[in-house]
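**Student:** output the structure for:
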Amino acid sequence: MDLAASACEPGLCGTVATADAVVAVGARTQWQVGGPAPRDAVEVVAPAGVVHYEPDDLTIAVGGGTTFAELSATLAQHGQECPLDPRTGDATIGGVLACGLSGLRRLRLGPLRDHVLEVRFVTADGRLVKAGGPSVRNLTGYALVRLLVGSLGTLGVLVQATLRCRPRPASARWYEVDGRGAPADVFRPSCCLWDGATTRVLLEGAAADVDAQAHRLRAGDPPRLPEGPHRGRISVAPGTVDALAEALQRLDGVRWCAELGIGTVHVAAAEATQLDDARAAAHDHGGWLLREAGGNPADDGFGRRLPSIDLMRRIKAAFDPMGKLAPGRLPL
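**Tutor:** Model prediction:
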């Protein structure tokens, strides 16, 4: 049974169509990402569960309310995975896609949006719309799937997604090296995390290949991203990371960790003003900071420096002219 269709006959679609303000709710694991959570809005929940799974085609369709842990467990039975890699397995697939935050393996496996083939979503006027296609072959037309990933529910309520799977690596191990960056002869690491003193490198693949790559590295534990009540994710040009790191290093109380080769820098602090300082450093280096947790009460989540804001406003007006979907989540 198509979970998306069943959810909209007549319940979820009717609720979205008639409500003055609507917000999709998952597990709330990323509830603070971006702008403030909408208030006085009708909360809707996407259906959960596996719709269909084609291991031979490396595709799986799930309801938006399905947790990442459930998805991973299903794929593991066939030696496969979908590397969305949220911070916690409790996160729902709809929430992960709506927030659009790529996991730590982006360096090798690409951004989160590349793992999404098709979505079904409910528009502001209550229609169920399909975007993309259920196969890995290219499709013609507008890439609405990529548009919806990271939209924070402001363009539609994601109720179902078809995801691209891949074989689960036989071996996945973390290593360490002093200083910045992995040795030049390390081939295609899945992640390189640098905290100013140590670079942690994730190698994946056949066990023999991983062993052969690790001769100049020492074994290490899986890293933990900076934690604190106030967290953010900075995006800068990859070549700017070193200069930004120097600036962050001078800020009292700001902890950081950079994804080398990507330009993403994770920051955390004990005080909201310290997160403000990290945002100012990001702006000074041509980047911007997305609030993941905490921040000052007046913080819009993006520091009023959201790229392509004029284009995003036109898209929002086309998809949701009444402004009823997730009001306040983006500074539109």
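
**Student:** so what touches the helix or strand in which Val201 is found?
**Tutor:** Assessed by DSSP states H and E, Val201 sits inside strand 198-205. Identification of contacts with strand 198-205 by C-beta atoms under 8 Å, 6 or more residues apart in numbering yields 104-105, 108, 169-182, 186, 189-194, 210, 213-214, 217, 220, 223, 260. Every C-beta, even on glycine, is put in place using the N, C-alpha and C of the backbone.

**Student:** try 6 Å this time
**Tutor:** Under the contact criterion C-beta atoms under 6 Å, 6 or more residues apart in numbering, strand 198-205 has outside partners 169, 172-177, 181-182, 189-193, 210, 213, 220, 223.

**Student:** who's in contact with Val157?
**Tutor:** Contacts for Val157 (C-beta under 6 Å, 6+ apart) come out as 24, 44, 121-122.

**Student:** where does it fall, phi/psi-wise?
**Tutor:** In terms of degrees, to the nearest 10, the main-chain angles of Val157 are phi -90, psi 110.

**Student:** doesn't Val267 belong to a strand?
**Tutor:** Yes: membership of Val267 in a strand is supported by DSSP: H, G, I helix; E, B strand; the rest coil.

**Student:** strand partners (parallel or antiparallel) of the strand holding Val201?
**Tutor:** Applying DSSP bridges to the sheet, strand 198-205 is found paired with strand 171-178 (antiparallel), strand 191-194 (antiparallel).

**Student:** out of those strands, which one sits most buried?
**Tutor:** Of the strands paired with strand 198-205, the one with the most neighbours on average (mean count of other C-beta atoms under 10 Å) is strand 191-194, at a mean of 23.

**Student:** residue furthest from the geometric center of this structure?
**Tutor:** In the chain, His215 marks the outermost C-alpha relative to the chain mean, sitting 32.5 Å out by C-alpha atoms, centre = their mean.

**Student:** any idea of the pLDDT on it?
**Tutor:** His215 is assigned 83 on the pLDDT scale.

**Student:** residue numbering should commence at 28 henceforth.
**Tutor:** Understood, numbering begins at 28; the last thing we discussed is His242.

**Student:** does it sit in a helix, a strand or a coil?
**Tutor:** helix.

**Student:** go on, Arg55?
**Tutor:** Once three-state DSSP is applied, Arg55 turns out coil.

**Student:** so how far is Val77 from it?
**Tutor:** Going from Arg55 to Val77 by C-beta to C-beta, to the nearest Å gives 22 Å.

**Student:** so for the two, which sits in the more crowded spot?
**Tutor:** Neighbours per residue, other C-beta atoms under 10 Å: of Arg55 and Val77, the larger number sits with Val77, 15 against 12.

**Student:** now do the phi/psi pair for that one.
**Tutor:** phi -80, psi 130.

**Student:** what count of nearby residues applies to Cys284?
**Tutor:** Neighbour count of Cys284, defined by other C-beta under 10 Å: 22.

**Student:** same question, Gly92
**Tutor:** Gly92: 24 neighbours (other C-beta under 10 Å).

**Student:** what does Ala64 give?
**Tutor:** As a burial measure, Ala64 scores 15 neighbours (other C-beta under 10 Å).

**Student:** for the stretch 228-359 of the chain, what spans make up the helices?
**Tutor:** Taking DSSP state H, counting those that start in this stretch as the criterion, the stretch 228-359 of the chain carries its helices at 234-240, 268-276, 299-311, 336-346.

**Student:** poorly predicted segments of the stretch 78-227 of the chain, please.
**Tutor:** 162-169 (pLDDT under 70).

**Student:** I appreciate the help and will end here.
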